[in-house]
Structures are given as C-alpha cells and as structure tokens.
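Q: this is a predicted model, with the sequence first.
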Amino acid sequence: MIPGLARRVKVYCSTTPTDMRKSFDTLGYLVKAEMGRDPLSGELYLFLNKRCTRAKVLFWDGTGLCIFMKRLERGRFAAPWNRTDDGVLTMSTTELTLFLEGSQMVFIGPLSPEDVVPKRVATKDLVVR
C-alpha cells in the first residue's frame, strides 16, 4: 500500500469511469473539476476504468504528485457507480486498502466508524496525599 498514510487521510473516489491513459495533469484537473477538491491537499483520489479492472490513486506526498496504479489479472474491483448517484464517494485509508485487495464489501456501507472527536471532560480537582 501507499507508505506513510494515516487513518485521518481522506480518500475521494470518482463515481464515473476514467480513461486509465490519463496522467498527473489530467487526473489533477478531474479532481478540481469533478470533485471540487485540491489535488495538492494531501488527500487521496481514486479513479477506476469502466471494466473495473484498473485503478489509479493520485496523491500529493509533500514534494510532488504521485500515482499508484493497480491492474487486476482476474476479477474486478467493486464498482463505485453502482453504489451511489452522487459524483464522489469518500472512504478511509483502511477501506481503500480493502478495496485495492479486492473486497466486494467496499461501497456497500461504511466499513469504518466515524472519526472520534474527543470531548472535554469535566474533572474534579483531587487532592493526593
């Protein structure tokens, strides 16, 4: 998988098939135009071809744009456009890993819990003697 990813990094998946001949600049344009996101934000952007046999992940590592590509020799990835009518899906990096491993459970429903937001807890001052 992509090294150095934290659980907090968001993954955005395009729900329209993408020509896998597209490179850095064209995928970056799709991130801006179709997803309304900034390709240099540090988030990950997932694209699939129509047959769901190839996937590309575009991401900014802090020094430049990177593309991770996977081609399946057998089987297909779960098709995101079969799961929503919206233009963009979000997932966690854990779900992205499962997706790239071929799990069909991805996009059926959330596989990961929502981010935990710590709440301020009131405590009494305790005197230790």
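A: Sure thing, it's come through. Predicted model only: the values in this text are computed from it and were never measured.
Q: following the helix or strand bottoming out on mean pLDDT in the chain, which helix or strand comes up?
A: With mean pLDDT, DSSP states H and E as the measure, the helix or strand of the chain carrying the lowest mean pLDDT is strand 88-91 (a mean of 81). Using DSSP states H and E, the helix or strand that directly follows strand 88-91 along the chain is helix 93-100.
Q: show me what that following helix is packed up against.
A: Using 3 or more CB pairs under 8 Å, 6 or more residues apart in numbering; DSSP states H and E, the elements in contact with helix 93-100 are strand 11-14, strand 44-48, strand 54-60. C-beta coordinates here come from the backbone N, C-alpha and C atoms, glycine included.
Q: this protein: helices as residue ranges?
A: Assigned by DSSP state H, the helices in the chain fall at 24-35, 93-100.
Q: export the longest one as PDB, just CAs?
A: Translated: helix 24-35. The C-alpha atoms that make up helix 24-35 are tabulated as PDB, following Å, rounded to 0.1, in the frame of the first residue of the first chain:
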ATOM      1  CA  PHE A  24      -0.900  13.600 -13.500                       C
ATOM      2  CA  ASP A  25      -2.200  16.800 -15.000                       C
ATOM      3  CA  THR A  26      -5.400  15.400 -16.400                       C
ATOM      4  CA  LEU A  27      -6.200  13.500 -13.200                       C
ATOM      5  CA  GLY A  28      -5.500  16.600 -11.200                       C
ATOM      6  CA  TYR A  29      -7.900  18.500 -13.400                       C
ATOM      7  CA  LEU A  30     -10.600  15.900 -12.800                       C
ATOM      8  CA  VAL A  31     -10.000  16.300  -9.000                       C
ATOM      9  CA  LYS A  32     -10.700  20.000  -9.400                       C
ATOM     10  CA  ALA A  33     -13.500  20.000 -11.900                       C
ATOM     11  CA  GLU A  34     -15.500  16.900 -10.900                       C
ATOM     12  CA  MET A  35     -14.700  16.500  -7.200                       C
END
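Q: I am finished for the moment; much appreciated.
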